[in-house]
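J.: pasting the sequence and the predicted coordinates here, then a few questions.
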Amino acid sequence: MIIDFHTHLFPPSFREQRNRLVHEDPAFEAIYRSPHARLASAEDLIQAMDEAAVQRSVVFGFPWEKGELYVRHNDYILESIQRYPDRLIGFCAFSPLSPGAAGEAERCLDQGLSGVGELAVYGSGLTGNVVQALNETMDLCARRHAPFLLHTNEPVGHPYPGKTPNTLKQIYDFVNTYPANRIVLAHWGGGLLFYGLMKKEVKESLHNVWFDTAASPFLYTPDIYRIAGEIIGFEKILFGSDYPLIRPDRYFQEMASAGLTPEQADQIKGLNAARLLEG
């Protein structure tokens, strides 16, 4: 089974009101102001999944700051998984700094969503205030055994829309603050996984952490799959396409060129995700 652990959906009304929404949320404006930044529907995703032979996808929206926006967006994710219960697995999203964040997470988990994410604060990164603001949400996720997906990115290299000023220490401090949570770090964890080579402490801190591959073709050479697996274990890597940014086939081509065994590729493409989602 192939499971895409990282996809974004937008309700029709948001796609129609893009020009208005870019003025309501600075993070949305930074990432989606360009008309070339596609906003996909559930139907768009299902079609892409069929074309790439993806059986299931984890779907989520955007970490809006305004409650009205994240509630409407999460409601669309709930509607989408109800329309496609055998294909879509829903996570809820909101700004970690929103006063209603924990309540929204509880509402969504109660109504059938399976986790929380992809959460991000694009303007500041993972400051101490952000980490502390997530305390109630992380406690809820730990009690519900719900995976938590966090946006991270490498702190060096070229700039791009959505790249935050997070540091590796901030990401590391976050996972150490919430060791009871099952945490998925998006975009290869910003490179934190490479420190799994250290002899002391780091590998133990990452025991409850997984890394998704979202946007990998834009960030790393295909060798990342083999090298990451050798450092942290192939069981810790989750295929995520960041759809509609990149289609799944491009990832599969890179995996094929990375020298993985069929068993390792199967782990990344879906077995690891299935085990994580089963709890």
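T.: Great, that's in hand. Numbering: from 1, shown residues only.
J.: which residues of the stretch 151-279 of the chain fall in strands?
T.: All strands of the stretch 151-279 of the chain, identified by DSSP state E, counting those that start in this stretch, fall at 183-185, 209-212, 237-238.
J.: ok, which of these comes nearest residue 6?
T.: Among the strands of the stretch 151-279 of the chain, strand 209-212 comes nearest to residue 6, with 5.1 Å by Cβ to Cβ. C-beta coordinates here come from the backbone N, C-alpha and C atoms, glycine included.
J.: in its sheet, what does the closest one sit against?
T.: Using DSSP bridges, strand 209-212 pairs in its sheet with strand 183-185 (parallel), strand 237-238 (parallel).
J.: report the buried residues of that strand.
T.: Buried residues in strand 209-212, counted by 16 or more other Cβ atoms under 10 Å: 209, 210, 211, 212.
J.: now stretch 180-187
T.: Buried residues in stretch 180-187, defined by neighbour count with 16+ other Cβ under 10 Å: 181, 182, 183, 184, 185, 186, 187.
J.: now do the second one against residue 21, distance only.
T.: Translated: residue 182. Counting by Cβ to Cβ, to the nearest Å, the gap from residue 182 to residue 21 is 32 Å.
J.: want to try TSV for the buried residues of stretch 180-187, with distance to residue 36 and pLDDT as columns?
T.: Formatted as TSV, the buried residues of stretch 180-187 follow (distance: Cβ to Cβ, whole Å; pLDDT from 0 to 100):
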residue	distance to residue 36	pLDDT
181	35	98
182	35	98
183	32	99
184	28	99
185	27	98
186	22	98
187	20	98
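J.: which of those sits closest to residue 254?
T.: residue 187 (14.7 Å).
J.: the closest one: what's it in contact with?
T.: Shown in contact with residue 187 (Cβ atoms under 8 Å, 6 or more residues apart in numbering): 151, 152, 153, 154, 212, 214, 215, 216, 219.
J.: what sits closest to the second one if chain neighbours are left out?
T.: What sits nearest to residue 152 in space, not counting adjacent residues and going by Cβ to Cβ, 6 or more residues apart in numbering, is residue 190, at 4.0 Å.
J.: residues in contact with the one you found?
T.: Applying Cβ under 8 Å, 6+ apart to residue 190 gives the contacts 152, 153, 154, 155, 166, 168, 171.
J.: how many other residues sit next to the fifth one?
T.: The reference is to residue 166. 24 (other Cβ atoms under 10 Å).
J.: kindly report the same for the third one.
T.: Burial of residue 154 is recorded as 17 neighbouring residues (other Cβ under 10 Å).
J.: what's next to the longest helix along the chain, contact-wise?
T.: Assignment by DSSP state H gives helix 67-83 as the longest helix of the chain. Outside helix 67-83, the residues that touch it by Cβ under 8 Å, 6+ apart are 9-11, 13-14, 21, 24-25, 42, 59-64, 88-95, 98, 100, 104, 107-108, 111-113.
J.: one more: stretch 242-260?
T.: 2, 4, 6-8, 38-40, 44-45, 48-49, 51-52, 54, 57, 213-218, 222-226, 229, 234, 239, 241, 265, 268-269.
J.: show me which of those residues are buried.
T.: Burial by neighbour count, 16+ other Cβ under 10 Å: within the contacts of stretch 242-260 this picks out 2, 4, 6-8, 39-40, 45, 48-49, 52, 54, 57, 213-217, 222, 224-226, 229, 234, 239, 241, 265, 268-269.
J.: residue 58 is in contact with residue 5, isn't it?
T.: Yes. Residue 58 is within contact range of residue 5, at 4.8 Å (criterion: Cβ atoms under 8 Å).
J.: need the residues touching each of these two.
T.: Shared contacts of residue 58 and residue 5, counting by Cβ under 8 Å, 6+ apart, come down to 149, 240, 273.
J.: restricted to helices, list the residues you listed.
T.: residue 273.
J.: on the three-state scheme, the most centrally placed residue in the chain is what?
T.: Closest residue to the average C-alpha location of the chain: residue 118 at 4.3 Å, with Cα atoms, centre = their mean. Judged by DSSP: H, G, I helix; E, B strand; the rest coil, the three-state class of residue 118 is strand.
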